[in-house]
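Let's see this in three dimensions:
(chains A and B)
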Amino acid sequence: MNQQTCNLELLDAFLQNELDEIVEQQVFRHLDECSDCREELESRAAEQSAWREASDLLGGTKVANRSASNALNRGDIDDSHFSARSPQIELVLQQLAPTDDPESLGRIGGYEVTGVVGAGGMGVVLKAHDRSLDRIVAVKVMSPHLACSGSARKRFAREAKAAAAVLHPNVIAIHSVASEDANPYLVMPYVRGASLQKRIDSQGPLPLKDTLRIAAQIAAGLAAAHEQGLVHRDIKPANILLEEGVERVTITDFGLARAVDDASMTRSGVIAGTPQYMSPEQTRGELIDARSDLFSLGSVLYAMCTGRSPFRAETTYGVLHRIANDRPTPVCDINSDVPKWLGHIIERLMAKRPEDRLGSSAQVAELLEGCLAHVQQPAAIPLPVGVQALAAQAQRRPGEVSKPSRLKALHQRIPPFAKYIAAAFSVVALMFAGVLIVLELEKGTLTIKSEVEDVPLRVVQEEKTVKQMTIVKGENSIRVASGQYVVEIDGDVDGVYVDNGALTLSRGAVEIVHIVKTEADFDYRFGDTGAIGEPSEPEEIFQADNPPLQLSPAEQALSELEAEYNRLASTYQQASEDATDEVELNRVYEAMDPRHIMPSKYLAMEEKYRGTDEGLKALVQVCGMARSVGGVNSAAGQGRREAVTRVIEHYLQREDLESIIATLGGGPFVPQSDDLLQALVEKSPFRKTQAEALIAQIIFGKETLMVESQLPKVLAAVQDRMKEAPPTLRDEFEQRLKTLERTDFNQMRRDLNEKLERLAKLYSDVSVEHYGTGGTAAQRLSHAINKVLIGQPAPELEAFDIDGKPFRLSELRGKHVVLMFAQSVGDDYGDMYAPMRQLVAKYRQAPVRVVGIMSNADQTHLHAAAKRGDLNWIVIPQPLNGPLQLDWGIEGYPAVYIVDAEGTLQPPLHMPYYGEGGYDTQEIEDALDELLKEHHKKGAAVRSPNNLGHDARRRRRIAG
Amino acid sequence: MTQFPETRDSLIIQVKDPSNRDAWEVFADLYRPVIHRTALARGMQDADAQDLAQQVLIAVAASIARWEKSGETTRFRHWLRRVARNAIINAVSRRPPDQATGTSSFQDLLNQLPERAGNQHDVETDSLIEMEYRRELYLRAAESVRTDVDPMTWRAFEMTVIDGTSNADAALKLGKSIGTIYAARSRVMKRLRTAVAEIEEAQQ
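Purely as a prediction, here's the structure:
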């Protein structure tokens, strides 16, 4: 090789020491002379990013920190929180392109970066100078760890484009989007000012006028977005910018929240980040619409009024739990300066059920503006009429006490009438709630995003359709069991296709499928799909006159019914809001409730399309209506009976019917629940369905047996409720009372044991949802039914404690033993430790021992906590194969049993979780106090464990 | 940015068998320093950070069977990161028991605990773990490349790439021509890049 000429071909061989010596020496000499070849050599050795990584990473933290702090010192940093140590900012800054501008930290696109504004879940916000237009902009760069994910990038681009379409003074404008860049970014106006979060942090509760002004503007911004079908999903004070010197509020981060969720949603289903402002439906991963933003707006209002977010807990799980179940302390109780009417508005925005919230963001904006006008000129302008009505309604809402209670949380999900019934059987109802919670955990969320309205879809698993539905434009979420699915369009629909329809859904994960309009939708004649040589799918071939979506007649009929139901529901909602007195309200409840009006129509539809999937779906819908509206003899209740009869008559041959047991069945007091289960057991051709139905029968039976030991208490509760119940429900209560009194519990136990035998004999090998196999289910349920008997000697419990020492329950005889069963729902029971420690401390001097049978999901934490000395009770880690509580028939909440000093099992107790208030041990303390009092009264003499008459004595005490 | 590698399936399967010490060592060997350094960067004391690394590895060993059984399709690395992150966040936000004197009411306890699991915190920890993993790859690769090349060549790379000496200064100090410095650092870089890729590959 000539020293004067560049021979790039040689460089690769040179790098790998593969040249003979003479040529190699020539290259060496050439490199001394030629800077081009030196650069070429370097870029052939490794890509620029690898050079940078080698330099930064091998140099240790020293190097990395140095570069970041240099960069940050040179820029103007608005937020000291984002210290030089933030690796996220560091990574982004490292990836900026070099610049020759001495004022700039680097370049991204055509923007010279002059500072760091902050960092958030999605990325880093940089302050930059747009040279072409000579303006200051904010550039939001997607975090490198998200940018690795192809789907996150795609979503970033798609959502940014959607957000860019919202033009409104209260919504941040999007100047441009660069999604192809190594780190995608979007460019927005630079807003000088602080976020609402900072304002609340520094100032506490805001003045009333500011609160109303800011909220009204947020609502107005949301209205503009909602009109375009865009849901923000992450309305929180940190995403609300307050412009300096101007009374303008800007909503940022529009629609970007989703991408973060996807990337950080983890196997346990716990959402990374602070979910404090999420709506209940969001925490459950359900379908989300604009009303979810309204809930978040309510939470933001709450924070402005009180200086803190409404649902606070030590852990993310705690927050989620509180959002779903708790009613926050009313704002007026925290800040007496907040007028009552504003409290009512917030309560309505934060209604647990979307349909209970105020109408739309536009209405809310109008309402709040009216309120602001009133506050500014109280004499001249009255409060808006709508607000006055809210106050009137709030006053006559029954049964709402401020003391947190599990019952109340339950009520909030149940409409007025069913509430009366549910309350009386809360023990039973809660057991079922527990089952649902557990089953739910095995599921993941499938979110289907559509650009088009009303697309019929089916979700297929192993060539079997598991779900059929018609999706709306925007986002649709369903919860399905984890597994592999294919999402496809159901029928022939032109102009749309499913993007990435095949997917694997993990437990607790979220997967997104997009329904995309074909390009040709806009201008088929110039169909650029073909022109630029892209492969054109058959679905993309477009007809000139776009025919409406092809629904089968049954689908058509069902979707019409659904539309009608929704219309009626909103009229009903409105009427109950408008009702000004009790009489009128009752009339609305009785005459306008769609759950009473619609069953007959669904039933008629099913009759016409009998045997179709839609027909079955219609029946399931009818049962669902009855489930939430109570009353066997009500129209809904009658509809349910008819629906169940028809399922039995016409649909028993179907597979997977067990999946609707939860909706159709429902326990001892739901009419025909057992008829259905019995029919499934006897006549379904599928063994899995038979087994699951049999298990459901046994579980429902077990729940009823539980009532036996507490019969006097339950009967008294029912009688209490009867006095309050509206006349139409009295009969219902009477019937239930009679059913309970007539129940022959001994016969019932014998029946259940027969069923258990059948289960063990016939279905030992059948895989079932919850227990593994039918055989295991039989074993465990048998233990729960025959050994765990209230008022009888407690079953022996043998295990190893956390130090590996053997544990036997019977060895603690003479002490009252508190058995605390903590389920493996969360990863960490950390926030249970403190209340339990206190409980232990309180009874240290008494003959009481506390035993925690703790989750198997967090043994590391458990061991660490034990090491720290956090656990002063006996800790039994759950064995990995099968939680102990299944043997005790415990399927929900952390449940507590007390075994008294004589070894007798006491009624089950709950240790409810109140988030901020921690786990509540009150029930346990009350029960212990009672036991100790009795213990004391009788003297400390040791009694025989099989004291005759003990059972009767216990019952008397419960009844009293 | 290069995708973070998957943990090799066979490795997990081997780890599942507690008697297979060698496989476990390979796994722990790689991840222990990553967790340790992440914890240090999060402000933990060295001893606590080492302890934490141990705890996380124990948790991983104990949970792999359960993780597999649940039919997870989450990438193993993501899952590990999650375990590590939980352990770290838990460790840094809880007080040791010897500090918990005086106030013992639950409310007091709550008030003294920082708001946990803040978004920013999580994201930072995530990025940290990511970075520390890459660092571990590079450190290992560098170790093997260094023993493979002659000391002058390594020195030229070390000076110019790691210590930030300019190429001209390095040429002067080492008494070599500028072309030789470029050749040396490029050759090392090439090997380093290959070695990193190999370690990554071995972890897939």
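
so where does the closest residue to residue B:191 other than its chain neighbours fall, helix or strand?
Using CB to CB, 6 or more residues apart in numbering or on different chains and skipping the chain neighbours, the partner closest in space to residue B:191 is residue B:145 (4.7 Å). For every residue, glycine as well, the C-beta is placed using N, CA and C. Per DSSP states H and E: residue B:145 is located in helix B:119-146.

State the paired neighbours of the host helix or strand of residue A:177 in the sheet, together with their directions.
Residue A:177 is part of strand A:176-178 when elements are defined by DSSP H and E. Note on strand A:176-178: by DSSP bridges, its sheet partners are strand A:185-189 (antiparallel).

What ranges in the stretch 551-700 of chain A fall below the confidence cut-off?
A:577, A:580-582, A:627-632, A:662-671 (pLDDT under 70).

quick one, strands of it?
Taking DSSP state E, counting those that start in this stretch, the stretch 551-700 of chain A contains no strands at all.

What about the residue of chain A found nearest chain B, how many residues nearby?
Proximity of chain A to chain B (CB to the nearest CB) peaks at residue A:31, 3.1 Å away. If you count neighbours by other CB atoms under 10 Å in any protein chain shown, residue A:31 ends up with 24.

How about the residue of chain B found nearest chain A: what's its closest non-neighbour residue?
Closest contact between chain B and chain A, by CB to the nearest CB, is at residue B:179 (3.1 Å). In space, and not counting its chain neighbours, residue B:179 is closest to residue A:31: 3.1 Å by CB to CB, 6+ apart.

Look up how far residue A:40 lies from that neighbour.
To residue A:40, residue A:31 is 10 Å away according to CB to CB, to the nearest Å.

check contacts around residue A:567.
Counting by CB atoms under 8 Å, 6 or more residues apart in numbering or on different chains, residue A:567 touches no other residue.

now do residue B:138
By CB under 8 Å, 6+ apart, the residues touching residue B:138 are A:53-54, A:57-58, B:192, B:196.

which other helices and strands contact the helix or strand where residue A:761 lies?
Using DSSP H and E, residue A:761 maps to helix A:745-763. Packing partners of helix A:745-763 (3 or more CB pairs under 8 Å, 6 or more residues apart in numbering or on different chains; DSSP states H and E): helix A:687-709, helix A:774-786.

gap between the first one and the chain center?
Here the centre of mass of C-alpha atoms in helix A:687-709, compared against the chain's by CA atoms, centre = their mean, to the nearest Å, lies 28 Å away.

what pLDDT does residue A:223 get?
Per-residue pLDDT puts residue A:223 at 90.

for residue A:236, same thing?
Predicted confidence (pLDDT) for residue A:236: 88.

Give the closest residue to it in space, chain neighbours not counted.
Among residues not flanking residue A:236 along the chain, residue A:277 sits closest, at 4.0 Å (CB to CB, 6+ apart).

residue ranges of the helices in the stretch 851-960 of chain A, please?
A:859-868, A:884-887, A:922-937, A:950-959 (DSSP state H, counting those that start in this stretch).

looking only at pLDDT, what's the mean for the third one?
Across helix A:922-937, the average pLDDT comes to 84.

Show me the contact partners of it.
Contacts for helix A:922-937 (CB under 8 Å, 6+ apart): A:816, A:818, A:839, A:842-843, A:846-848, A:896, A:898, A:900-901, A:906, A:909-911, A:957.

per-residue confidence averaged over the host helix or strand of residue A:371?
Element membership of residue A:371 [criterion: DSSP H and E] is helix A:361-376. Taken as a whole, helix A:361-376 has an average pLDDT of 89.

and that helix, what does it pack onto?
If you count contacts as 3+ CB pairs under 8 Å, 6+ apart, helix A:361-376 packs onto helix A:208-227, helix A:290-306, helix A:340-349, helix A:385-396.

Output the lowest mean pLDDT helix or strand found in chain B.
helix B:106-112 (a mean of 28; mean pLDDT, DSSP states H and E).

coming back round to it: narrow the contacts of residue B:138 to those in helices?
A:53-54, A:57-58, B:192, B:196 (DSSP state H).

hmm, back to that, count the residues that sit near the residue nearest to residue A:236.
That count, for residue A:277 with other CB under 10 Å as the rule, works out to 26.

so it touches residue A:240, yeah?
No. Counting by CB atoms under 8 Å, residue A:240 is not a contact partner of residue A:277; they are 10.6 Å apart.

overlap in contacts of the two?
residue A:300.

which helices and strands does the helix or strand hosting the residue of chain B closest to chain A pack with?
Secondary-structure element containing residue B:179, defined by DSSP H and E: helix B:178-203. Packing partners of helix B:178-203 (3+ CB pairs under 8 Å, 6+ apart): helix A:8-15, helix A:21-33, helix A:35-45, helix A:48-58, helix B:119-146, helix B:151-157, helix B:167-174.

ok so, going back, contacts made by the helix holding residue A:371 with the rest, please.
A:208-209, A:212-213, A:215-217, A:219-220, A:222-223, A:226-227, A:290, A:293-294, A:297, A:341-342, A:345, A:349, A:358, A:381-384, A:386-387.

Quick check: closest non-adjacent residue to residue 52.
In the absence of a named chain, this looks at chain A. Nearest to residue A:52 is residue A:94, by CB to CB, 6+ apart, at 6.5 Å.

wait, chain B
residue B:39 (4.9 Å).

Next, the one you found: phi, psi?
phi -70, psi -40 (degrees, to the nearest 10).

That one: how many residues sit nearby?
28.

cool, residue B:193 as well?
20.

Could you do residue A:471 as well?
Counted with other CB under 10 Å, residue A:471 comes out at 22.

For chain B, which residues score under the pLDDT cut-off?
Across chain B, the ranges flagged by pLDDT under 70 are B:1-28, B:42-45, B:47-48, B:55, B:58-126, B:201-204.

got a list of contacts for stretch B:159-167?
Stretch B:159-167 is contacted from outside by A:51, A:54-55, A:58-59, A:63, B:169-170, B:173-174, B:178, B:181-182, B:185, B:188-189, using CB under 8 Å, 6+ apart.

same thing but at 7 Å, please
A:54-55, A:58-59, B:170, B:178, B:181-182, B:185 (CB atoms under 7 Å, 6 or more residues apart in numbering or on different chains).

Out of these, give me the one that has the most neighbours.
residue B:181 (29 neighbours).

Could you pull up the contacting residues of that residue?
So residue B:181 contacts B:156, B:160, B:167, B:170-171 (CB under 7 Å, 6+ apart).

hmm, try it at 10 Å
Taking CB atoms under 10 Å, 6 or more residues apart in numbering or on different chains, we find residue B:181 in contact with A:31-32, A:38, B:152-153, B:156-157, B:159-160, B:165-174.
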